[in-house]
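Engineer: pasting the sequence and the predicted coordinates here, then a few questions.
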Amino acid sequence: MPEKSPVIVDLRFHPEQVREGLKQAFPGREVINRADPASRDRDLSSAHYAVLWKPLDDLFLRATGLKVLFSGGAGVDHVLTLPGLPDLPLVRFVDPTLTTRMSEWVVMQCLLHLRQHVTYERQRAKKLWAPLAQPEASEITVGIMGMGVLGSDAARKLGTMGFRVIGWSKSGRPVEGVEVFAGPELDAFLGKTDILVGLLPLTAETAGIFDTGLFAKLRRGGPLGAPVFINAGRGGSQVEADIVAALEKGVLKGVSLDVFETEPLPSSSPLWSMDTVLMTPHSAADSDVRALFAHVERQIERHEAGQPLEHLVSRNAGY
Ligand code: NDP
Ligand code: OXD
């Protein structure tokens, strides 16, 4: 039997978690973990596979025998812009562990805004006991931009909580139980949306899409008073100066952000200190390394058995 090609692991994840995750991964195959100083001078030219997230600069110069690339996350904008990226199949990470984490985050943020958490926190700081009139989820329409793997799952779970859910995607591909609007129908979609959720990949078409003009088209006069914006797609899709202005003018009532134009968010950003902003440090849906390695193993097995790879990225579309 021919020797199995090594797999390069070049992940800027928590090194201890990667080391732990690798203990059970890739049986019978050499693993070159580039976070491990002992691998620094290792010849990479015989490896056919690389799993990467913000890889070291010399990866593609030294790993000249690669056949398939695996993104360590669901998003691939950071891979597609890597200098020297070879023209090879790129597989992204799709797994129930990641999808579940994202839906938890999205449902939690929608509920925090529905249940007026920010206002209650403000009242608590003043020791003010003042129950507010409380709308129900069924009175609120959540509009999800990006109805792929993550958007579709979040839509289903928000529906279980009682929210009315609509979606927007490039193709308008149907999703069971959800009215999905196609690309050119954006304005009609926005006009029905009380809580806007961004789960879009970052591409040339989606860069800067969440701006003043878009926020102005959201439904006004709904039970929340003003629309809410939630984004866990990519920070490059949002114009943060426009978010700040929309919050200050009351065009937006509140926002929840997991992603930012610059990460980590610079200390000079006004978003840090605005009490209408809920934020997390790009942690809505971290990749579980064990699940990631199991997914890569499955795809390598398929590839070596002559079966098509799954979750392939379209270079043209950018996702
Ligand atoms: P998918 O590829 O499954 O879905 C992407 C969706 O976006 C599709 O519905 C697609 O439309 C739509 N879309 C893409 N471009 C456009 C456009 N120009 N106009 C309208 N719709 C568009 O991706 P996932 O759901 O798996 O992930 C989405 C993104 O979430 C990732 O790319 C990543 O950036 C982000 N992410 C963030 C994480 C975090 O922790 N914050 C974790 C994981 C992912 P169509 O269906 O027609 O193709
Ligand atoms: C991803 C992410 O793309 O964590 O998976 O952002």
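Structural biologist: Perfect, I can see it now. Ligands and ions are numbered 1, 2, ... in the order given.

Engineer: when you work out contacts or count neighbours from here on, use the C-alpha atoms and nothing else.
Structural biologist: OK.

Engineer: next, count neighbours for residue 96.
Structural biologist: For residue 96, the neighbour count with other Cα atoms under 10 Å is 12.

Engineer: hmm, I was thinking of residue 57
Structural biologist: Using other Cα under 10 Å: residue 57 sits among 11 other residues.

Engineer: same deal with the one 4 residues further on?
Structural biologist: Summarising burial for residue 61: neighbours were counted as other Cα under 10 Å, giving 12.

Engineer: try residue 32
Structural biologist: Residue 32, neighbours per other Cα under 10 Å, totals 20.

Engineer: pull the contacting residues for the closest residue to it other than its chain neighbours.
Structural biologist: Spatially, and ignoring its direct neighbours in sequence, residue 32 is nearest to residue 8 (4.7 Å; Cα to Cα, 6 or more residues apart in numbering). Counting by Cα atoms under 8 Å, 6 or more residues apart in numbering, residue 8 makes contact with 31, 32, 33, 34, 44, 47, 49, 50, 51.

Engineer: identify the bridge partners of residue 8.
Structural biologist: residue 32, residue 50 (DSSP bridges).

Engineer: separation between it and ligand 1?
Structural biologist: For residue 8, the distance to ligand 1 equals 22 Å [Cα to the nearest ligand atom, to the nearest Å].

Engineer: roughly how far apart are that residue and ligand 2?
Structural biologist: 19 Å.

Engineer: where's that residue relative to residue 311, distance?
Structural biologist: According to Cα to Cα, to the nearest Å, residue 8 and residue 311 sit 19 Å apart.

Engineer: ranges for the helices of the stretch 1-150 of the chain?
Structural biologist: 15-22, 59-62, 77-80, 96-114, 117-125, 149-160 (DSSP state H, counting those that start in this stretch).

Engineer: circling back to that earlier point, specify which member of the contacts of residue 8 is nearest to residue 102.
Structural biologist: residue 51 (21.5 Å; Cα to Cα).

Engineer: am I right that the closest one is in contact with residue 13?
Structural biologist: No. Residue 51 is beyond contact range of residue 13, at 11.6 Å (criterion: Cα atoms under 8 Å).

Engineer: the more surrounded of the two?
Structural biologist: Between residue 51 and residue 13, counted using other Cα under 10 Å, the more crowded position is residue 51 (23 against 16).

Engineer: quick one, what contacts that one?
Structural biologist: Residue 51 neighbours (Cα under 8 Å, 6+ apart): 7, 8, 9, 10, 11, 69, 70, 71, 72, 296.

Engineer: which ones among those residues lie within strands?
Structural biologist: 7, 8, 9, 10, 11, 69, 70, 71 (DSSP state E).

Engineer: and the fourth one, how far from residue 56?
Structural biologist: The reference is to residue 10. 7 Å.

Engineer: same drill for these two, tell me which one is more crowded.
Structural biologist: The neighbour count for residue 10 versus residue 56, taken as other Cα under 10 Å, is higher for residue 10 (22 against 13).

Engineer: so for that one, what's the pLDDT?
Structural biologist: Predicted confidence (pLDDT) for residue 10: 98.

Engineer: any idea which of the helices of the stretch 1-150 of the chain is most buried?
Structural biologist: Highest mean neighbour count of those: helix 149-160, a mean of 20 (counted as mean count of other Cα atoms under 10 Å).

Engineer: picking up where we left off before, who wins for most neighbours among the ones in strands among the contacts of residue 51?
Structural biologist: residue 70 (28 neighbours).

Engineer: that one contacts residue 94, doesn't it?
Structural biologist: No. The criterion here is Cα under 8 Å, and residue 70 misses it with residue 94 at 10.9 Å.

Engineer: how about the residues of the stretch 1-150 of the chain by ligand 1?
Structural biologist: Within reach of ligand 1 by Cα under 6 Å from any ligand atom, the stretch 1-150 of the chain has these residues: 74, 75, 146, 147, 148, 149, 150.

Engineer: for the stretch 151-300 of the chain, same thing?
Structural biologist: 151, 169-173, 183, 199-202, 205-206, 232-234, 258-259, 282-286.

Engineer: where does pLDDT dip in the chain?
Structural biologist: 1-2 (pLDDT under 70).
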